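Enquirer: here's a sequence, model it:
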Amino acid sequence: MRQRIVTPKAYSAEDEKNIVSLRPSRLSEYIGQKQVVEKLSVSLEAIRRRAETHEHILFYGPPGLGKTTLAHIIANELGTKIVSTSGPSLQRTGDLMGILTNLDTGDVLFIDEIHRLSPAVEEFIYPAMEDFKVDFVVDKGVYARVINVPLKRFALIGATTRAGLLSGPLRNRFGIFHHIDFYPEDELAQIIQRSAKILETKIDKEACYELARRSRGTPRIANRLLRRVRDFSLVKRDGVINIEAVNSALEIEGVDSAGLDNLDVKFLTTIISYYAGGPVGIEAIAATINEEVDTLEEMVEPYLLKIGFLKRTQKGRVVGQLAFDHLKQKPDGDIQKRLL
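Expert: Sure, this is the predicted structure:
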């Protein structure tokens, strides 16, 4: 899949490096998710007073909203080490064994995309989460034997964008659950202002809110757009980001006033032009615009559904009235009634 500036996932090592440079390191610096922050502040203070290891935590929600950032903040607040990995990278039990045995008391093990753990690794981690021990099988056949390896008490923090794919046994072993939701524009504007300060870039209030409006409720996209506008302003303007710089830079990047890029617009206009606004199946749309179904379901539809530009019905996808208004097109009511 081609790179998209509005994708909520990091698409390169350089992009990930830029993301890390703007992350807050303390809970007091974290903007947004007030309910989650309040709950975490209470549990962290209680753990510090009791000098215990934190319970296992599961963060779930769309990508790019700060789940990884919160995991690092928890480790920083507790003054412990954090070891980060991801579900797809843990293919064998031996991969996880080496990580678990090197954890000290109170350390944090962070597993991103935890819903993608292989069944063997998932079952292997159950006793580690419950009893802080693992049964490791060595050799094979008649020479096989089980070695019981005790572990130091650690906190597992899992992050997932698809909580529904977690198995029941794994989900039940977490003690705390936090849902991370999309950010409102005022909180995104605060994040942009903070990031601009770190980047030593001047930005006015109106530009902050315009960037926030186009950031699809996602801090990662907001920071990425800010860097692109900063570069444009440095080369084409006087280095100060104002509303004109934002409009000009994002026009070049192909991000419109609602935060839609070319693929989003192509998705919607295809349904309107070829299928009279819907309903139409996702497979038909994917074949028409030559994209993968998974790409459309995971990277395009969530935001369009969130802002009311798209509806899912039993018969297929239907373009909402808000999308018609935004694209300056009119729905053919007679055709849609017959299709529905």
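Enquirer: which residues does residue 85 form a beta bridge with?
Expert: residue 111 (DSSP bridges).
Enquirer: verify the stated contact: it with residue 99.
Expert: Yes. Between residue 85 and residue 99 there is a contact under Cβ atoms under 8 Å: 6.6 Å. To be clear about C-beta, it is placed using only N, CA and C from the backbone, and glycine gets the same treatment.
Enquirer: any shared contact partners between these two?
Expert: residue 109 (Cβ atoms under 8 Å, 6 or more residues apart in numbering).
Enquirer: tell me, how many residues neighbour the closest residue to residue 275 other than its chain neighbours?
Expert: In this structure, residue 275 finds its nearest non-sequential neighbour in residue 284, 7.3 Å apart by Cβ to Cβ, 6 or more residues apart in numbering. Close neighbours of residue 284, defined as other Cβ atoms under 10 Å, add up to 15.
Enquirer: got it, and residue 238?
Expert: If you count neighbours by other Cβ under 10 Å, residue 238 ends up with 10.
Enquirer: re earlier: which SSE is the residue nearest to residue 275 in?
Expert: Per DSSP states H and E, residue 284 falls inside helix 282-289.
Enquirer: okay, buried residues for that helix please.
Expert: Judged by neighbour count using 16 or more other Cβ atoms under 10 Å, the buried positions of helix 282-289 are 282, 285, 286, 288, 289.
Enquirer: got the contact list for the closest residue to the first one other than its chain neighbours?
Expert: So that's residue 282. What sits nearest to residue 282 in space, not counting adjacent residues and going by Cβ to Cβ, 6+ apart, is residue 293, at 5.6 Å. Shown in contact with residue 293 (Cβ under 8 Å, 6+ apart): 282, 283, 286.
Enquirer: do residue 257 as well
Expert: Here residue 257 is in contact with 213, 214 (Cβ under 8 Å, 6+ apart).
Enquirer: would you confirm that it belongs to a helix?
Expert: No. Secondary structure assignment (DSSP: H, G, I helix; E, B strand; the rest coil) places residue 257 in coil, not in a helix.
Enquirer: need phi/psi at it.
Expert: phi -70, psi -20 (degrees, to the nearest 10).
Enquirer: how close does it sit to residue 290?
Expert: Note on residue 257: its distance to residue 290, by Cβ to Cβ, to the nearest Å, is 27 Å.
Enquirer: over to residue 321?
Expert: Using Cβ to Cβ, residue 321 is found at 28 Å from residue 290.
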